[in-house]
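1. next come a sequence and a model predicted from it.
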Amino acid sequence: MLAAFSLVLDTSEFVGLVNTGDDLDLHGLRICPDLDTITYTLAGLNNQETGWGLTGETWRVMEELGRLGGESWFSLGDRDLATHLYRTQRLAQGADLTAITAELGAKLGCSVALLPATNGLMPTRFTSVDGHSMSFQEYFVKHHHGVEISHLDLSAAKGAVLTEQARSALEEATRIIIAPSNPLISIGPLLAIPSVGEILRAKRDRVVAISPIIAGAALKGPADRLMRELGFEASAPGVASLYAAFASTMVIDDADGHLRGEVEAAGLRCVVANTIMDGAQVSRALAETVLNA
């Protein structure tokens, strides 16, 4: 979505507020998967084969770690490791995550300003139906998000402190767009941070959300299954019910046009458009639709 906005706006005109609920410390390194994936993508450096990490990646360090019997289930590419080494070094020197994210963006060629919502860790945790507690990355990577979940724990986000930069971005924005990300584990942690909900509710008439659920399914990831497991309807109206307190408008895909009335019944104005960004033309059109919504 941020890449789509860059097709119709100068990159100085918008800011990306990024979830850090899946960040972790591993191998002594601070790893921020969402921040890194978005930075790499906007810089044109993302690995097209994996969907994460850097292009031209090699895996010699992880292969050797695995051979030695070390913990290698969370695979980090050799080039990607440099990012985490740099971040960890700068944290040790006293820099905060906001400053480090800006530094990495500048060094890697990402022209969009990206802001972590908080500078500290706010780990999202899951409880499986058999009572096993696990971190985000254990759920998502180690178990390939194939474990049935009975509870989602966002308590760390509820105790997080919104950065001043993130607060200013939200308060000064003329429009706030909730991207078509997983509403429970990508957007949910952001909404759980104290004062984020308050700011969005105060600006609700300027908040537009895009449904990540199309014809009852997510384009990728476990959003649809996770919604059903946690008692939510995996549909555009189901997403609308989660966002109704914060957003006044929802953009849904053409495939769900027949659900417009149900979205509006949840309390949101509904706009129907092609939301599958499979090319520059569709991405540009969606960005314009969202900005005009």
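-> On my side now, so go ahead.
2. quick check, central residue of this structure?
-> Ser186 (4.2 Å; Cα atoms, centre = their mean).
3. gap between it and Leu226?
-> As for Ser186, its distance to Leu226 is 11 Å (criterion: Cβ to Cβ, to the nearest Å). (Each C-beta comes from the backbone N, C-alpha and C, glycine too.)
4. same question for Ile199.
-> Using Cβ to Cβ, which is the criterion applied here, Ile199 is 26 Å from Leu226.
5. over to Ala217?
-> With Cβ to Cβ as the criterion, Ala217 and Leu226 are 12 Å apart.
6. the two - which one has more neighbours?
-> Taking neighbours as other Cβ atoms under 10 Å, Ala217 and Leu226 compare with Leu226 leading, 22 against 14.
7. in contact with the more buried one, which residues?
-> When contacts are counted by Cβ atoms under 8 Å, 6 or more residues apart in numbering, Leu226 touches His145, Ile149, Leu152, Asn182, Leu184, Ile185.
8. local confidence estimate at the third one?
-> To tie it back to what came earlier, the one meant is Leu152. Leu152 is assigned 94 on the pLDDT scale.
9. please name the bridge partners of it.
-> As for beta bridges, Leu152 partners with Phe126 under DSSP bridges.
10. quick one: it and Phe126 touch, right?
-> Yes: using Cβ atoms under 8 Å, Leu152 is in contact with Phe126, at 6.2 Å.
11. which one's more surrounded, those two?
-> A count of neighbours by other Cβ under 10 Å puts Phe126 above the other of Leu152 and Phe126, at 23 against 18.
12. would you confirm that the more buried one contacts His145?
-> No: applying Cβ under 8 Å, one finds Phe126 not in contact with His145, separated by 9.3 Å.
13. what touches both of these two?
-> Common contacts of Phe126 and His145 (Cβ under 8 Å, 6+ apart): Tyr139.
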